[in-house]
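> From the sequence below, what's the structure:
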Amino acid sequence: MTILVVSGTGTEIGKTVTTAALAAAALAGGRSVAVLKPAQTGVAPGEPGDVFEVRRLAGEAVTGAELARFPEPLAPATAARRAGMTPVRPEDVAEAAAKLATEHDLVLVEGAGGLLVRFDEEGGTLAEAARMLGAPVLVVAAAGLGTLNATALTGEALRARELACAGVVVGSWPAEPDLAARCNLVDLPDAAGAPLAGLVPEGAGRLAPTDFRTRAAGWLAPALGGVWSI
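Numbers count the residues shown, from 1 in each chain. Next comes the predicted model:
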């Protein structure tokens, strides 16, 4: 795949660290990589955002791009409206990703929150951008109780839009998983209608970048450039 859209079943579940792992594994495999963040919220001008974090962990060889940033930590459409700023639109995302794809082997488009979070007041979403690009969507999910419903809803939304799901990655796998988390390894593929494609360990983002890059491929399935298997 040339373009991969990375979405979550919610916020704060490890989407950025998963994106960094994907980038690190691709770089280790000799591919050139770009990461596109359509809308960065909750970050002031000059402050490091998600693209900075991906490049810090995966390496400065990653090309980073941001289309817009809004100061309040809200959904992109809401944050843009409250700031009196021009929102990002799905066509902007598709155009930027397609351009990056002409210059890189892999483009990772990291969304904000979930698949149907609004970019603009017309209801444009990451799903619409993925449809315009014809790109598969990787779903990053939580490990524990409650994740099956959120993952099933995301999978249903993808199928309703005839979007391919590249798999499900657990974005923060605990060192000592409880019963629900262990059972979810079996149940997540059924919920998503797509294979389990990796487990990124809890706290991976706190690793030294050199350790992160060395270990990243071990967290991802071969389809995502890694060597992990359940």
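
> This structure: helices as residue ranges?
15-28, 50-58, 76-83, 90-101, 126-133, 147-160, 179-192, 209-215 (DSSP state H).

> Can you say which of those is packed in most?
Greatest average neighbour count among those goes to helix 15-28 (a mean of 27), per mean count of other C-beta atoms under 10 Å. Every C-beta, even on glycine, is put in place using the N, C-alpha and C of the backbone.

> Dump the helices of the chain to CSV, plus distance to residue 119.
Listed next are the helices of the chain as CSV, based on distance: least, C-beta to C-beta, whole Å:
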stretch, distance to residue 119
helix 15-28, 16
helix 50-58, 16
helix 76-83, 5
helix 90-101, 6
helix 126-133, 7
helix 147-160, 15
helix 179-192, 23
helix 209-215, 30
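
> In CSV: those helices, plus mean pLDDT and distance to residue 222.
As requested, the helices of the chain are exported to CSV (pLDDT from 0 to 100; distance: least, C-beta to C-beta, whole Å):
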stretch, mean pLDDT, distance to residue 222
helix 15-28, 98, 10
helix 50-58, 98, 19
helix 76-83, 97, 33
helix 90-101, 97, 22
helix 126-133, 97, 22
helix 147-160, 97, 21
helix 179-192, 97, 16
helix 209-215, 98, 16
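
> I'd like to know which of the ones you listed is closest to residue 114.
Proximity to residue 114 (C-beta to C-beta) singles out helix 147-160 among the helices of the chain, at 6.8 Å.

> Check which helices and strands the closest one is in contact with.
Contact partners of helix 147-160 among helices and strands, from 3 or more C-beta pairs under 8 Å, 6 or more residues apart in numbering; DSSP states H and E: strand 137-141, strand 165-173, helix 179-192.

> switch to 6 Å and redo it
Where contact means 3 or more C-beta pairs under 6 Å, 6 or more residues apart in numbering; DSSP states H and E, helix 147-160 is packed against strand 137-141, helix 179-192.

> ok and it relative to strand 137-141, angle-wise?
Angle between the axes of helix 147-160 and strand 137-141 is 170 degrees (criterion: axes from the mean of the first three to the mean of the last three C-alpha atoms, to 10 degrees).

> Residues in contact with helix 147-160: which ones?
Under the criterion C-beta atoms under 6 Å, 6 or more residues apart in numbering, residues 9, 115, 137, 139, 141, 165, 184, 187, 188, 191, 192, 193 lie in contact with helix 147-160.
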